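Novice: give me the fold of what follows.
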Amino acid sequence: MSKTINHKKKLPKEQQEELLGTLKARFEKNMSRHKSLAWNDVQAKLEADTDKIWTLNEMEKPAVNRM
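Specialist: Alright, predicted model coming up:
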């Protein structure tokens, strides 16, 4: 019998909120690029998948910190 292992990575709530704030500010600054999207919809999708938030957080880190 094979076991399913959960490898999901999750940011602490405070770090998640900080990242979402950064992304929201960037989203609102560039509204012309995504006129058909609403931030609340984007945020809901991100919050539904902790792997996506983790990945975005890793992308936000300076290249030096990723090594």
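Novice: just give me the residue right at the centre of this protein.
Specialist: The residue lying closest to the centre of the chain (CA atoms, centre = their mean) is residue 53, at 2.8 Å.
Novice: quick one: that residue and residue 22, what's the gap?
Specialist: Residue 53 sits 12 Å away from residue 22, going by CB to CB, to the nearest Å. Every C-beta, even on glycine, is put in place using the N, C-alpha and C of the backbone.
Novice: quickly find the element holding the residue nearest to the centre of the chain.
Specialist: helix 50-60 (DSSP states H and E).
Novice: ditto for residue 16
Specialist: Using DSSP H and E, residue 16 falls in helix 13-29.
Novice: after that helix, which helix or strand is next?
Specialist: helix 39-47.
Novice: now that next one: average pLDDT?
Specialist: Helix 39-47 comes out with an average pLDDT of 96.
Novice: okay then, goodbye and thanks.
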